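Asks: Sequence plus the predicted model coming up.
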Amino acid sequence: MKLATWNVNSIAIRLEAVLQWLEATGTDVLCMQETKCVDEKFPQLDFLNVGYNAVFMGEKSYNGVAIVSRFPIENPQYNFADDAPDAPKRLIAVTIKGVRIVNTYIPNGTELWTDKFTFKLDWLQRLRRMFDDECPKESDVLLCGDFNVAPDERDVWSVKNWEGKLHFSKPERAAIHHVRQWGFTDVYRKINGDLQEFSWWNYREGAFPKNQGLRIDHIWTSQSLADKCTNCWIDRDPRTWDRPSDHTPVVADFEV
């Protein structure tokens with residue numbers, strides 16, 4: 001199974017790019033974030049026409065998550081179990097080929113120690129509790145998405161420039177580490193070691209040509225699933241296309 005995560009930054013704008021990429025890469029499962037699309041306008045039929053089932057949950061102009069799959073999709077969950085119906089659309093979980101896949105758009109946080117930053121830290125605590133309560137550690141579990149956190153120094157283009165700033169602050173890194181302590185393996189690091197690559201580049205300041213980015217899009221798995229991972233890489237090509245998302249796909253292959 002080839003699975004990818006991609007913050008598409010509006011499925012309406014990037015639909016053709018996403019469909020082109022799926023056809024070119026043969027990806028089986030794509031987890032998308034920031035679809036920015038209400039459910040009534042999600043292009044479900046476009047995906048179905050090229051062989052993908054879809055589950056999705058969105059809102060106008062912001063947030064939104066979706067999963068498309070060539071395989072049957074079972075047991076969908078939308079947001080945390082105790083979320084209010086009008087909660088931001090940030091998490092969708094499904095089971096595909098026996099793997100529990102949790103696709104997340106973790107809150108950005110906006111600025112340090114604002115209400116939105118505290119919300120981000122609290123949201124990460126809730127994410128950890130969800131895994132504690134719902135997922136056996138010996139099962140095949142996969143967490144992916146736009147984490148909005150660069151976990152360590154290899155994941156930022158310049159530690160000096162990013163130290164203490166949003167996405168790389170100590171509280172955020174501690175919070176995401178607490179999630180990882182559930183029992184997750186970062187399969188990109190498992191495969192690639194200390195290789196320094198990025199999945200997000202600011203639209204401004206020529207960040208992409210200068211390769212001044214962050215690795216904030218991730219695929220983490222339980223140990224049993226990590227043992228089945230044969231490859232994991234960041235596909236930079238879509239970031240070079242016309243009207244690209246500021247993120248690019250992260251892809252992993254699994255023997256399931």
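Replies: Looks like it arrived, so ask away.

Asks: And the helices in the stretch 1-150 of the chain?
Replies: Using DSSP state H, counting those that start in this stretch, the helices found in the stretch 1-150 of the chain span residues 11-25, 44-49, 115-134.

Asks: how far does the second one sit from the chain's center?
Replies: Read it as helix 44-49. 22 Å (Cα atoms, centre = their mean, to the nearest Å).

Asks: packing partners for that helix?
Replies: Contacts defined by 3 or more Cβ pairs under 8 Å, 6 or more residues apart in numbering; DSSP states H and E place helix 44-49 against helix 11-25, strand 53-59. For the C-beta atoms, the positions are set from N, CA and C on the backbone; glycine is no exception.

Asks: Now mean pLDDT too, for those, in a markdown table please.
Replies: Listed next are these as a markdown table, based on pLDDT from 0 to 100:
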| stretch | mean pLDDT |
| --- | --- |
| helix 11-25 | 98 |
| strand 53-59 | 97 |
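
Asks: about what we covered before: adding mean neighbour count as columns, could you present the helices of the stretch 1-150 of the chain in CSV?
Replies: Formatted as CSV, the helices of the stretch 1-150 of the chain follow (neighbours: other Cβ atoms under 10 Å):
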stretch, mean neighbour count
helix 11-25, 17
helix 44-49, 14
helix 115-134, 16
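
Asks: Ok, which of those helices comes nearest Ala252?
Replies: Closest approach to Ala252 among the helices of the stretch 1-150 of the chain (Cβ to Cβ): helix 11-25, 12.0 Å.

Asks: and that closest one, what does it pack onto?
Replies: So helix 11-25, by 3+ Cβ pairs under 8 Å, 6+ apart, packs with strand 2-7, strand 29-33, helix 44-49, strand 62-69.

Asks: Quick one, which of the helices of the stretch 1-150 of the chain gets closest to Tyr78.
Replies: helix 115-134 (12.7 Å).

Asks: next one: that closest one to chain centre, how far?
Replies: For helix 115-134 - counting by Cα atoms, centre = their mean - the centre lies 16 Å from the chain centre.

Asks: Which one, of the helices and strands packed on helix 44-49, ends up nearest to Ser139?
Replies: Going by Cβ to Cβ, the one of these nearest Ser139 is strand 53-59, 20.1 Å.
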